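# below are the sequence and a predicted model; questions follow.
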Amino acid sequence: MTKAAKILIFVNAAVSVMLAAWALGVYTQHVDFSNRAGTADKAPGVIAVLTARISEVNKDRATSEVAAEQSLAAVRQREDQRWANQKWYGEQLNLLEVGQTPVKAVQRGPLAQDPLIRPTLEDAKGPGGQPVKPRAFYYDDLAATRKATEDKMKKIARLVEEEKQLTETIDGPKGLRVQIFHEADNQMRVAEEEKDLQPVLVNTAAEAERLKKRQDSLNKRVDELKKGKEEKKTLTAR
């Protein structure tokens, strides 16, 4: 016998033993898929076990279906309430942003057990107990205040520039103070000249009085001559 034949005989014997052991295991440990009820020393079949479980489930199915329908109705109701609350919260948030009416604040108190219950609102109070306005109101007020401030700053800049010009006009090289000083000096000189011309003025007044008297005398003489001439004409006419 060759060496290869011996090896094949040994392999055949080993495989035979393995297959016999596997067949024995299947026979002794196989799963019973029958619907046979169990006994004291033997477990029931798989189909029998599953049939019993199906029967138990069918007993509670009606109750479970009713509970499921009720739960589904409750879920739908709460879902509708949730969407309604979402819309309401959106409106409240929008009122915080725009509008002219005072905004609302959540009233302080214990929290509701149900999160779908809307909170109680009350008028929001700011500093000094004043009502709080929407954010857009304060943005507009801030913009108006900023514009008013800018206008005031521009006005102040114009006034500062005007003040510089007035200061230059008053205290400049040819300003009013210099002109006032020159005018005071001129008035002083005029007063001195008037003082110096006072005798001349007196003499001129006396001369004017004398000339006036002389003029009156001449006028009186002219009147006398005119009168004498008229009398002479009258006598000649006779």
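Great, that's in hand.

# shouldn't Arg108 be within a helix?
No: in this structure, Arg108 is coil, not part of a helix, as judged by DSSP: H, G, I helix; E, B strand; the rest coil.

# for it, what are its contacts?
Going by C-beta atoms under 8 Å, 6 or more residues apart in numbering, Arg108 touches no other residue. Bear in mind the C-beta positions are built from the backbone N, C-alpha and C, glycine included.

# what's the biggest helix in the chain, counting residues?
helix 176-237 (DSSP state H).

# so which elements touch it?
On a contact count with 3 or more C-beta pairs under 8 Å, 6 or more residues apart in numbering; DSSP states H and E, helix 176-237 meets helix 135-171.

# show me what counts as buried in the helix it packs on.
In terms of neighbour count (16 or more other C-beta atoms under 10 Å), helix 135-171 has its buried residues at Phe137.

# counting contacts, what elements does that helix pack onto?
helix 46-97, helix 176-237.

# just want the angle from the first one to helix 135-171.
For the pair helix 46-97 and helix 135-171, the angle between their directions (axes from the mean of the first three to the mean of the last three C-alpha atoms, to 10 degrees) equals 30 degrees.

# neighbouring strands of the least confident helix or strand in the chain by mean pLDDT in the sheet, and parallel or not?
Every helix and strand of the chain was ranked by mean pLDDT, DSSP states H and E. The lowest is strand 121-123, at a mean of 73. Strand pairing for strand 121-123, using DSSP bridges, gives strand 104-106 (antiparallel).

# any idea how far stretch 77-89 is from the middle of the chain?
Mean-position distance between stretch 77-89 and its chain equals 30 Å (C-alpha atoms, centre = their mean, to the nearest Å).

# just stretch 141-158 next, same as before
17 Å.

# likewise stretch 206-216?
So, by C-alpha atoms, centre = their mean, the centroid of stretch 206-216 is 93 Å from its chain's centroid.
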